[in-house]
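what follows is a predicted protein model with its sequence.
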Amino acid sequence: MREDTELKLAIIELDGCIFPLNRLRYNFYKNLCKKKNITVTPEEFYHALGNMYSMYETLPLATTINSQKLNATVEKDLYNYLNMKGLSPKDGVIELFEYFRQNNIPIAIVSTHKTKTAINYLELGSLYRKVDYVIGCDTDIKALPSEELLAYIDKRFQVTPKDTLVITSMNGILHSANNIGMNTIYLNDLVEAGDDEISCSYQVANTMYEALNDILFGRYEDYKIFEPLLGMDKEMSVAKLKALFANLQEVYKDDPDLLKIIKSTYISKLSELTKERPRRFTFSDEDLAELEKEEVEESVVEEKKEEPTALSLNAQDTAALNDVIAKVMEAENNAPEEKEEDKKEPVVEEQKKKPDHHIINTFINISYVLLLSLMILLLGLVVHIALGNMMDQPVVKVLHAISLGYIDVVESIFEFIFNGLHSITNVIPDYYTYMNDNTLMTLSALKMIHCYIMNVVIVSIVEVIKYSILSKKSS
């Protein structure tokens, strides 16, 4: 998008971007073809995707099965299957929706299914309340992938195409959005992006996490600096560029980081050769003068996830925390002196004071564990932020991978606990419902709280083990 563009509306395709419905449709159709010894490729099915009433008319079974009846069977069986099995959104969808919600950007969902069916799928995935508008192919408006339907959504929300972002995994929708001047992100799903998809897209993403990363920080990435290093020049033709790209992929096939730069540079150069450079995103509430000074790395979306504002401390909170720590340390230092005084007192008074002493020690130990766990979490966040611009360093990469692994382990433990308790009683929600229906906190904040709880458990276990060892030595 242009630098003066302000994103005001997101149009997202349901079938391949939010849920893997197109892939499931293809598998269903492929199995039908196998029974009749007919072959259908993902590419054939991909190029037929569109209006569900007509998409099957160009596919191999059209001569043997009535397309209308086939569509009704696919729609009915697919929904019943997912209703029984359960349906979860694809990776990054919830985080992308949350970002749009926080920035007051409406979300319109388009689908090749009927509107009611699309709503049912969103309800299955607990996403219906997170979107602003849903439209399928059963309205009076010309169905997807028509330009008319996309223009109608813009008109409904009173925005212009240049302020609209379309995220899709379908070639037809991509071209329609591109033709009327909308900004597009292609999401790899049933078929990965080819030259046609690349030339029509602002960016190509593998997951919604990458799409979010492109929306937030795409304007900072300028791959032109890599073109001379990779042998690309201004006079290069598209054919030569493709040959060079194939050769670079073969030479550096064992270096995934370098391959990512090569691919991004290739996409950038191909877009430049085939059409005007895709426009960049900006948002009205951002201070571009300050943001342009920041160095943004590939993993910035994951860093955002691990940086909940709920746990950041200002100067006043820091002073209060230091005061509490000082009191705890003072209590710990005074504890031995209290024991010496207790020895001089009569036995009767000593027995009366023991419970109080025990309560104080318990309070100190609990406070110590809670504060130490919080300090570990805060230290991790501070180090993570401080080293955020050094992600290319091997040691920092290892630390980053360890932190992400720890979060994944913690979430797996909580998922096991919630799902286990939910199987015993329905009073306790399952893990997915607990995470996604929570209106008080974001997913990132919940994950940080889970990490804090796990820190408390680990520190407590370590302290118990240490106490047991010291007790054995003293005895």
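Cool, the structure landed. None of the values given here were measured: they were computed from a predicted structure. Numbering: from 1, shown residues only.

rounded mean pLDDT for the host helix or strand of Arg25, please.
For Arg25, the element it lies in under DSSP states H and E is helix 21-35. Mean per-residue pLDDT for helix 21-35: 91.

buried residues in it, which are they?
21-26, 29, 32 (16 or more other CB atoms under 10 Å). C-beta coordinates here come from the backbone N, C-alpha and C atoms, glycine included.

what ranges of the stretch 51-200 of the chain fall below the confidence cut-off?
Residues of the stretch 51-200 of the chain meeting the criterion pLDDT under 70: none.

can you show me the helices along it?
Taking DSSP state H, counting those that start in this stretch as the test, the helices found in the stretch 51-200 of the chain are 67-85, 93-102, 115-124, 147-157, 171-179, 195-200.

wait, which of those helices is closest to Tyr452?
The closest of these to Tyr452 is helix 93-102. By CB to CB, the value is 20.4 Å.

show me what the closest one is packed against.
Secondary-structure packing of helix 93-102 (3 or more CB pairs under 8 Å, 6 or more residues apart in numbering; DSSP states H and E): strand 107-110, helix 208-217, helix 443-474.

could you list every helix and strand in contact with the longest one?
Put plainly, it is helix 443-474. helix 93-102, helix 300-305, helix 347-386, helix 394-424, helix 431-436.

the first one now?
Judged by 3+ CB pairs under 8 Å, 6+ apart, strand 107-110 is in contact with strand 9-13, helix 93-102, strand 133-135, helix 147-157.

redo the ones you listed as TSV? Include distance to Lys447 and mean neighbour count.
What follows is those, written out as TSV (distance: least, CB to CB, whole Å; neighbours: other CB atoms under 10 Å):
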stretch	distance to Lys447	mean neighbour count
strand 9-13	24	24
helix 93-102	11	19
strand 133-135	29	18
helix 147-157	32	17
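
the ones you listed into a markdown table, with extra columns for distance to Glu192?
Below are the helices and strands packed on strand 107-110 laid out as a markdown table (distance: least, CB to CB, whole Å):
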| stretch | distance to Glu192 |
| --- | --- |
| strand 9-13 | 16 |
| helix 93-102 | 19 |
| strand 133-135 | 27 |
| helix 147-157 | 23 |
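
and those: which comes nearest Leu259?
helix 93-102 (25.1 Å).

mind exporting the C-alpha coordinates of stretch 62-70 to PDB?
Taking C-alpha atoms only, stretch 62-70 is exported to PDB below (Å, rounded to 0.1, in the frame of the first residue of the first chain):
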ATOM      1  CA  ALA A  62     -19.100 -33.200 -14.000                       C
ATOM      2  CA  THR A  63     -20.000 -35.700 -16.800                       C
ATOM      3  CA  THR A  64     -21.100 -38.500 -14.400                       C
ATOM      4  CA  ILE A  65     -22.500 -36.700 -11.300                       C
ATOM      5  CA  ASN A  66     -25.000 -33.800 -11.200                       C
ATOM      6  CA  SER A  67     -23.000 -30.700 -10.000                       C
ATOM      7  CA  GLN A  68     -25.900 -29.400  -7.900                       C
ATOM      8  CA  LYS A  69     -26.400 -32.700  -6.100                       C
ATOM      9  CA  LEU A  70     -22.700 -33.200  -5.600                       C
END
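
can you get me a residue count around the closest residue to Thr64 other than its chain neighbours?
For Thr64, ignoring the flanking residues on the chain, the nearest one in space by CB to CB, 6 or more residues apart in numbering is Lys36 at 6.6 Å. For Lys36, the count of nearby residues is 10 (other CB atoms under 10 Å).
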